[in-house]
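**Student:** Here is my input, please return the structure:
(one chain, ligands or ions: 1)
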Amino acid sequence: MITKISSLVILTGAGISAESGLETFRGAGGLWCGHRVEDVATPEAFARNPQMVHDFYNMRRAGLRDPKIQPNAAHQALARLEREWDGDVLIVTQNIDDLHERAGTRNLIHMHGEVLKMFCAFCANGDHESTDKYSILHDLGPEHVCVSCNRAGGMRPDIVWFGEMPYAMNRIERALMNCDLFIAIGTSGNVYPAAGFVQMARYAGAESYEYNLDPALNSNAFDKSFHGPA
Ligand code: OAD
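**Tutor:** I've put the predicted structure just below:
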């Protein structure tokens with residue numbers, strides 16, 4: 001039982017954006033045009049069939065341009081918590097949408113990248129996290145030319161694919177080691193390292209709560225679970 005909370009880490013997943021009208025990754029059988037997300041979100045899929053991978057993310061980017069897609073009460077509540085509470089709040093999202101920032105969250109890490117950004121794989125040369133990023137609001141394709149190296153075929157959405165290293169892991173681990181309370185909202189607990197954050201926080205002495213529509217795969221690791229819409 002925590003007596004005083006002064007530092008919170010909140011992990012969010014696709015479930016928090018579901019009521020804004022964005023599809024989760026593993027809802028509806030987890031298939032996109034017959035492909036599992038694990039077969040689209042990989043560097044190998046991009047090398048084999050770049051257009052298919054671009055189509056997947058172009059569709060998600062188009063979704064965010066739809067004026068009906070707006071931050072919902074859960075995004076707004078987290079932004080308000082950060083604004084009005086005097087403790088530390090770090091939101092770590094696995095989501096590639098921009099609904100947290102549109103709601104007003106400032107202390108935010110996109111550990112799996114952002115669909116509204118792109119970078120050139122040739123220029124990055126393996127260092128995806130610190131290479132130059134460019135905004136992209138419309139469709140991206142293999143014909144896109146990099147403004148820096150002038151080569152086509154290397155521009156890719158700024159997404160951390162399966163087999164790649166999530167962003168800001170040092171900063172996230174430090175925050176988990178120092179928080180009093182860890183909360184996960186709207187994530188199925190399928191994808192590591194995010195699914196293991198609850199254990200890291202607990203080893204460091206934090207309490208942990210799960211808020212999800214139904215029990216996540218790692219539900220048993222949490223001290224308390226609340227099941228219902230975010
Ligand atoms: P998933 O699609 O795996 O899980 C979404 C979770 O949200 C499920 O457990 C749902 O039960 C829950 N959910 C659905 N609607 C909800 C609502 N209204 N309120 C609360 N919860 C709700 O999405 P993630 O766990 O975010 O990675 O997926 C993790 C990663 O897998 C993604 O970041 C993505 C994907 O592959 C990459 O692309 C690298």
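**Student:** all strands of the protein, in order?
**Tutor:** Assigned by DSSP state E, the chain shows strands spanning 7-12, 31-32, 35-36, 88-93, 108-110, 113-120, 134-135, 155-159, 181-185, 207-212, 224-227.
**Student:** I'd like to know which of the ones you listed lies nearest to the ligand.
**Tutor:** Across the strands of the chain, the ligand has its closest neighbour in strand 207-212 (4.7 Å, C-beta to the nearest ligand atom). Any C-beta I mention is one placed from the backbone N, CA and C, and that applies to glycine too.
**Student:** tilt between the closest one and strand 181-185?
**Tutor:** With axes from the mean of the first three to the mean of the last three C-alpha atoms, to 10 degrees defining the directions, strand 207-212 sits at 10 degrees from strand 181-185.
**Student:** Please state the offset of strand 207-212 from the chain centre?
**Tutor:** With C-alpha atoms, centre = their mean, to the nearest Å as the basis, strand 207-212 stands 17 Å off its chain's centre.
**Student:** Could you pull up the mean pLDDT of it?
**Tutor:** Strand 207-212 carries an average pLDDT of 98.
**Student:** what's the least confident stretch among the strands of the chain?
**Tutor:** Among the strands of the chain, strand 31-32 carries the lowest mean pLDDT, a mean of 60.
**Student:** re earlier: as CSV, the strands of the chain with mean neighbour count would be great.
**Tutor:** As requested, these are arranged in CSV below (neighbours: other C-beta atoms under 10 Å):
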stretch, mean neighbour count
strand 7-12, 23
strand 31-32, 16
strand 35-36, 14
strand 88-93, 23
strand 108-110, 20
strand 113-120, 22
strand 134-135, 11
strand 155-159, 23
strand 181-185, 24
strand 207-212, 21
strand 224-227, 13
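**Student:** For those, please prepare CSV with the additional fields distance to the ligand.
**Tutor:** Formatted as CSV, the strands of the chain follow (distance: least, C-beta to the nearest ligand atom, whole Å):
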stretch, distance to the ligand
strand 7-12, 8
strand 31-32, 11
strand 35-36, 9
strand 88-93, 8
strand 108-110, 10
strand 113-120, 8
strand 134-135, 19
strand 155-159, 6
strand 181-185, 7
strand 207-212, 5
strand 224-227, 9
